[in-house]
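*Asks:* Have a look; sequence and predicted model below, questions after that.
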Amino acid sequence: MENTEKILLAVTLIVAAFAIYIAYTSSAPKPGPKSTDAALAIVMKAMEFGSDATNYYYSFSQSSDGYTTLYKSEKLGNLSFLSIENPLSKQKIYFTDNDTVICMAYGGPDVCGSGSSTPSLSNYVQSLRAIFLSKDNIAIHKTNFEYILNNRYVLLSPDIANITIDGTPCSEVNYLVDYTNLTNDEAVRFGIGPDSPKTFNVSLCLDPKSGKYVRSLSYSLNNLSHTSNYKILEFKTTGLDPIVPPANATADVVPTLLLEKQDEQNILGCYVKAEREGCVLELALQLENKNVCTLLDKKKDRCFVSLVPLTKDVSLCDGITDSSFKDDCYIELAGAYKDKTYCAKVIDSAKVQNCLSASAVKPVPAPGINSNSSNVSNSSTGG
């Protein structure tokens, strides 16, 4: 009996302990989801950047899959100035009380003309004005974001990471924008078409001191990954330069602008193709534009070399990193200018004779004798 009583006592104690555990764990509050308030505050502060600015200088870069455009804007009294520079062209736009003057450099001498007096440019001029900081535009962006947030089209992570970008500390937040379940009216409101990407991963890093930020966006379209990056470079409200519109801006800028926009669209069209590099390389050679070569990755050096016989630009070799392609570049220069001094820069001894042969001036064939030989080395077509 004594052993039986001990066993019953032990069981009783175990049951009692288990009951206490159940009571405690059931009454203890379970931790809820982590608050996103701090992360949301960072996003909203970034959206408010420049909302109170009147006179200012503001520059930022915007990159789409590596195609980068640099914007510089200034507002001073009743005058505004905008500079736009991309791999193809440079534009300077002056906004006055009664005119918009557009100056452009692309494929020829600079041209300056009136944008306000050209009806076909009215939409373009309006899009340029939207680039400037505007309290009204900022309010619209905030309203739209709050709408998609409240309707659960945004999934905001509560986590905040303190990191450094280009030497500047910033607070990073991440969120997902998912437009998959938009209504028809909402799709129209946010410009989402049937073939548009529907989900976007966004990373935003805010410098709490200056208010400047970097925003990166990634998405997939037609089984290809794409990225878009926005970075505020400089912002100041003092020490502004005077804005002086050019006089006698009477040229017709429309043909130059249309040509540049068509070439730009062709380049951007390469980014939705599986063979992106080959497409961009072909356009670089077609346009004879070394800046387009900088958009390439694996074929960048090949692009520079291939441009030498077309442009005879001696600076092309400076942008080449691969030693073999650099040798080929000097061989092409030697052939283009018939100048063997370029051969002294060829590192591969096996290619020196090639270079010397390319630099030699070929005798003019006698009448009636056909010669298909070329002075320029073909080594750049190799690997």
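*Replies:* Nice, I can see it.

*Asks:* For the rest of this, base every contact and every neighbour count on C-alpha atoms.
*Replies:* Fine.

*Asks:* Report the next helix or strand after the strand or helix carrying residue 310 in sequence order.
*Replies:* Using DSSP states H and E, residue 310 sits within helix 300-311. Where DSSP H and E defines the elements, the next helix or strand beyond helix 300-311 is helix 323-337.

*Asks:* Could you look up the next helix or strand downstream of that next one?
*Replies:* Sequence order places helix 349-359 as the next helix or strand after helix 323-337, per DSSP H and E.

*Asks:* Could you name the helices and strands sitting against the host helix or strand of residue 280?
*Replies:* Of the helices and strands defined by DSSP H and E, residue 280 is found in helix 276-287. When contacts are defined as 3 or more C-alpha pairs under 8 Å, 6 or more residues apart in numbering; DSSP states H and E, helix 276-287 sits against helix 254-270, helix 290-293, helix 300-311.

*Asks:* and the ones you listed as a markdown table, adding distance to residue 86?
*Replies:* A markdown table is the format used below for these (distance: least, C-alpha to C-alpha, whole Å):
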| stretch | distance to residue 86 |
| --- | --- |
| helix 254-270 | 9 |
| helix 290-293 | 9 |
| helix 300-311 | 17 |
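
*Asks:* Could you list every helix and strand that the helix holding residue 310 packs against?
*Replies:* helix 276-287, helix 290-293, helix 323-337.

*Asks:* go with 7 Å
*Replies:* helix 290-293, helix 323-337 (3 or more C-alpha pairs under 7 Å, 6 or more residues apart in numbering; DSSP states H and E).

*Asks:* Let me know which of those is tucked in deepest.
*Replies:* helix 323-337 (a mean of 25; mean count of other C-alpha atoms under 10 Å).

*Asks:* and residue 187, that one's in a helix?
*Replies:* Yes - under DSSP: H, G, I helix; E, B strand; the rest coil, residue 187 falls within a helix.

*Asks:* How is the residue nearest to it when sequence neighbours are not counted assigned, secondary-structure-wise?
*Replies:* Nearest residue to residue 187 in three dimensions, chain neighbours excluded: residue 193, at 6.7 Å (C-alpha to C-alpha, 6 or more residues apart in numbering). What three-state DSSP gives for residue 193 is coil.

*Asks:* Neighbours of residue 193, how many?
*Replies:* As a burial measure, residue 193 scores 11 neighbours (other C-alpha atoms under 10 Å).

*Asks:* Could you do residue 167 as well?
*Replies:* Counted with other C-alpha under 10 Å, residue 167 comes out at 7.

*Asks:* just residue 224 next, same as before
*Replies:* Neighbour tally, residue 224, other C-alpha under 10 Å: 11.

*Asks:* Contacts for the stretch of helix or strand residue 124 belongs to next, please.
*Replies:* Per DSSP H and E, residue 124 falls inside helix 122-129. With C-alpha atoms under 7 Å, 6 or more residues apart in numbering as the test, helix 122-129 has contacts from 115, 116.

*Asks:* tell me the centre residue of the chain?
*Replies:* residue 63 (0.7 Å; C-alpha atoms, centre = their mean).

*Asks:* Quick check: that one vs residue 92, distance?
*Replies:* As judged by C-alpha to C-alpha, to the nearest Å, residue 63 and residue 92 stand 19 Å apart.
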